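> here's my sequence, what's the structure:
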Amino acid sequence: MSTLAPPNNLELERAALGAVLRSSGQNIDSLLPILKSPDHFYSPVHQDLWRTILAMHRDQIPVDIVTLNDRLIKNGRSDACGAAWAESY
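All right, here's what the predicted structure looks like:
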């Protein structure tokens, strides 16, 4: 049984999420062919953030750090994502 983690790059994951938030979600469509599913992220927090971003995009809600945080709070996911998540982006 292998104890090695699958390939991952948390800095790249943060950069992708940060790029979406800094562009107010304008580049989500360009990332969708690459990041089709939250499972493409290694970090469970990043998976949760991407899942929420995709839902907001689908519902045509503008995506930025404020609206994302509001949605996480509304869905009771803010604590699960960690209080300091927004500081990274």
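> which elements pack onto the helix or strand hosting E11?
Counting by DSSP states H and E, the secondary-structure element that holds E11 is helix 10-22. Applying 3 or more C-beta pairs under 8 Å, 6 or more residues apart in numbering; DSSP states H and E, one finds that helix 10-22 makes contact with helix 28-31, helix 44-58. (C-beta placed from N, C-alpha, C; glycine too.)
> which residues touch it?
Counting by C-beta atoms under 8 Å, 6 or more residues apart in numbering, helix 10-22 makes contact with 27-28, 31, 35, 41-43, 46, 49-50, 53, 63-65, 68, 88-89, all of which sit outside it.
> so which of the helices and strands packed on helix 10-22 gets nearest N9?
Shortest distance between N9 and the helices and strands packed on helix 10-22, using C-beta to C-beta, is found for helix 44-58: 10.8 Å.
> quick one: average pLDDT of stretch 48-57?
Throughout stretch 48-57, pLDDT has a mean value of 95.
> for P7, give me phi and psi.
Reported as degrees, to the nearest 10, the phi and psi values for P7 are phi -60, psi 140.
> same check on N27?
In this entry, N27 is assigned phi and psi values of phi -100, psi 10 (degrees, to the nearest 10).
> with the one 10 residues further on instead?
Dihedral pair for S37: phi -140, psi 150, per degrees, to the nearest 10.
> for this protein, give me the ranges with low pLDDT.
Scanning the chain for pLDDT under 70 picks out 1-2, 82-89.
> related to what we said a few turns ago, can you select the buried ones from the contacts of helix 10-22 in ChimeraX?
To isolate the buried members of those in ChimeraX, using 16 or more other C-beta atoms under 10 Å:
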select :28,31,35,41,46,49,50,53,63,64,68,89
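> still on that earlier bit, distance to A16 added to the helices and strands packed on helix 10-22, as a markdown table?
Converted to a markdown table, those look like this (distance: least, C-beta to C-beta, whole Å):
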| stretch | distance to A16 |
| --- | --- |
| helix 28-31 | 6 |
| helix 44-58 | 8 |
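> all good on my end, thank you.
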